[in-house]
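In: mind folding the following:
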Amino acid sequence: MPRTARPRGRAALAALSCCVALGCGTRTPPGERPDPPSGAPTGSEYGVVTWATTADRVGEAVEGRSYRLMVHTSVGGGGLRVRLSNAFGDQPVTFDDVHAGLQREGAALVPGSNRRLTFDGARTVTVPPGGIRYSDPLPGHVPAASTLAVSFHVARAGGALTGHWMALQTSYTGDGDHSAEESATHFEQRTGSWFYLDAVTVRPRGKTGAVAVLGDSITDGWQSTTDTDRRWPDYLARRLAKDRAGLVEGVANEGLSGNRVLTDGPGQSALNRLNRDVLSLPGVRTVFLFQGVNDIKGEPAPTAGELVAGYRTLAERAHAAGKCVVGATIAPYKGWPEWDPEGEAVRREVNAFVRGSGTFDAVADFDRVLRSPYDHERLLPAFDGGDHVHPNDKGMQAMADAVDLRSLDCRTGP
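Out: Sure, this is the predicted structure:
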């Protein structure tokens with residue numbers, strides 16, 4: 001039905017407060033962003049993504065610092081590569097002394113695990129504004145479900161800083177160049193964000209592929225427990241690891257708090273970041289689309305028809321790239337200050353499209369999984385993280401458990 005903007009309270013997530021300065025609600029036609037950015041090879045020689053996150057602008061760059069970033073692998077394999085991103089930078093960034101090892105405790109690494117990474121054989125790499133660079137493959141095996149520590153020193157930087165603000169994973173920084181060290185001595189400062197690093201790939205066994213989840217703060221993990229890997233894509237990765245019959249084991253979490261399908265802010269819209277954050281990742285076999293609630297409760301809010309058109313465009317582009325596409329229904333959010341009957345009507349209409357249009361190769365009905373049986377407009381209290389939008393750890397697990405694993409590879413499924 002036609003829908004116009006209406007006055008509503010602008011209550012915002014505490015988790016999104018840092019995004020206000022970036023601006024919200026700019027509708028940008030898809031295709032005006034780098035597509036994909038330079039240095040984004042997706043050939044089989046680059047393996048399969050085992051971890052990834054969405055890049056965004058997260059502040060101002062600082063040079064002369066070392067970063068030790070903790071990331072959790074999904075699929076294991078050899079030939080590890082890391083992808084360093086300057087996608088939102090306006091000046092070149094020079095990295096040196098890049099290493100990868102395994103976390104022992106805190107910033108300390110398993111002795112003997114920290115190994116140097118090179119870039120076209122060199123120990124130093126400069127990434128231009130808007131660019132990304134993959135490291136050379138590292139010999140040896142990287143275990144599945146392990147906490148990888150990627151350490152590097154930023155020798156030269158300035159201007160805008162590329163990273164991911166809400167990591168829900170503790171990483172570490174320190175002054176000076178200490179990337180090669182395995183002790184925690186010089187990594188005295190903790191951070192809850194990732195910087196520059198946006199993907200890790202490995203070469204797994206056989207024809208194993210990956211699923212990339214395009215989502216918002218629910219996928220990003222808000223209200224899940226920090227440092228425990230209890231975002232719903234983490235639970236999905238654990239299920240896939242136990243599924244010996246499946247050919248999808250890698251999971252890339254491309255959730256971004258506050259993100260929308262149609263409009264930029266916070267971050268680029270799903271339409272504008274699909275290529276960089278999903279289609280450019282090596283080994284991705286399936287795109288999993290779970291977004292829309294931020295569009296519906298935004299100002300001005302789209303009609304159901306406009307949001308459906310965005311879904312269709314995302315599915316068409318992913319299919320054109322040879323990917324399977326799984327669509328997820330939008331979960332209820334009554335109790336959140338921006339909920340109203342008009343938005344609920346749009347949510348129901350969009351969910352009917354997801355379930356019945358045939359646009360997607362498969363559907364994950366998160367609405368039915370998460371809603372209360374007594375009030376279909378609200379989250380089940382046992383799954384509510386407290387703000388009536390974001391599921392808690394139990395809700396996150398319930399979402400992952402509801403995904404049909406066979407649907408993640410439409411070439412082998414029923």
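In: for the stretch 101-250 of the chain, just list every one of the strands.
Out: Using DSSP state E, counting those that start in this stretch, the strands of the stretch 101-250 of the chain run over 108-109, 115-116, 124-127, 132-134, 138-142, 147-156, 160-164, 171-175, 189-191, 194-195, 197-203, 209-215, 248-255.
In: tell me who's in contact with the closest residue to Asn114 other than its chain neighbours.
Out: Spatial nearest neighbour of Asn114, chain neighbours left out: Gly101 (3.4 Å); criterion: Cβ to Cβ, 6 or more residues apart in numbering. The C-beta positions use only the backbone N, C-alpha and C, and glycine is treated the same way. Listed by Cβ atoms under 8 Å, 6 or more residues apart in numbering, the contact set of Gly101 reads Leu109, Val110, Ser113, Asn114, Arg115, Leu148, Ala149, Ser151, Glu182.
In: go again using 10 Å as the cut-off
Out: Under the criterion of Cβ atoms under 10 Å, 6 or more residues apart in numbering, the contact list for Gly101 reads 68, 108-115, 148-151, 179-180, 182.
In: same deal with Asp56?
Out: Asp56 touches 19, 22, 87-88, 161-166, 198, 256-259, 266-268, 273, 277, counting by Cβ under 10 Å, 6+ apart.
In: on that earlier part again, buried only: go through the contacts of Gly101 for me.
Out: Among the contacts of Gly101, the ones that count as buried by 16 or more other Cβ atoms under 10 Å are Arg68, Ala108, Leu109, Ser113, Asn114, Leu148, Ala149, Val150, Ser151, Ser179, Glu182.
In: would you mind measuring from the third one to Asp295?
Out: Which is Leu109. Separation of Leu109 from Asp295 (Cβ to Cβ, to the nearest Å): 42 Å.
In: leaving out sequence neighbours, find the closest residue to Val346.
Out: Per Cβ to Cβ, 6+ apart, closest to Val346 is Ala304, 4.6 Å.
In: can you tell me how far the residue nearest to the spatial centre of the chain is from Asp295?
Out: With distances taken as Cα atoms, centre = their mean, Glu254 lies nearest the centre of the chain, 1.8 Å away. Per Cβ to Cβ, Glu254 is found 17 Å from Asp295.
In: Asp175 reaches Arg65, doesn't it?
Out: Yes - with contact defined as Cβ atoms under 10 Å, Asp175 counts as touching Arg65 (6.1 Å).
In: tell me where the stretch 251-400 of the chain has strands.
Out: 284-290, 324-328, 362-364.
In: possible to save those as CSV with mean neighbour count, mean pLDDT and distance to Arg203?
Out: Compiled in CSV, the strands of the stretch 251-400 of the chain are given as follows (neighbours: other Cβ atoms under 10 Å; pLDDT from 0 to 100; distance: least, Cβ to Cβ, whole Å):
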stretch, mean neighbour count, mean pLDDT, distance to Arg203
strand 284-290, 25, 97, 15
strand 324-328, 25, 98, 21
strand 362-364, 21, 98, 27
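In: out of those, which gets nearest to Gly209?
Out: Gly209 sits nearest to strand 284-290 of all the strands of the stretch 251-400 of the chain, at 3.4 Å, using Cβ to Cβ.
In: mind listing the strands that closest one pairs with, and their directions?
Out: Strand 284-290 pairs in its sheet with strand 209-215 (parallel), strand 324-328 (parallel), by DSSP bridges.
In: could I get these as CSV with distance to Gly250?
Out: Rendered in CSV, the data for these read as follows (distance: least, Cβ to Cβ, whole Å):
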stretch, distance to Gly250
strand 209-215, 3
strand 324-328, 14
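In: looking at these, which is nearest to Phe366?
Out: Among the strands paired with strand 284-290, the nearest to Phe366 by Cβ to Cβ is strand 324-328 (5.0 Å).
In: report the angle between the axes of the closest one and strand 248-255?
Out: Going by axes from the mean of the first three to the mean of the last three Cα atoms, to 10 degrees, strand 324-328 is angled at 50 degrees with respect to strand 248-255.
In: before we move on, the earlier item: what about the residue nearest to Asn114, distance to Ser113?
Out: Between Gly101 and Ser113 the computed distance is 4 Å (Cβ to Cβ).
In: any residues in contact with both of these two?
Out: Counting by Cβ under 10 Å, 6+ apart, the contacts common to Gly101 and Ser113 are Leu148, Ala149, Glu182.
In: let me have those residues in a markdown table, extended by distance to Trp232.
Out: Shown next, in a markdown table, are the shared contacts of Gly101 and Ser113 (distance: Cβ to Cβ, whole Å):
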| residue | distance to Trp232 |
| --- | --- |
| Leu148 | 21 |
| Ala149 | 24 |
| Glu182 | 33 |
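In: nearest to Gly335 among these?
Out: Out of the shared contacts of Gly101 and Ser113, the member with the shortest distance to Gly335 (by Cβ to Cβ) is Leu148, at 37.9 Å.
In: contact partners for that closest one?
Out: Contacts for Leu148 were tallied using Cβ under 10 Å, 6+ apart; they are 50-51, 69-73, 80, 82, 100-103, 113, 142, 200, 202.
In: pLDDT wise, what is it at?
Out: pLDDT recorded at Leu148 is 98.
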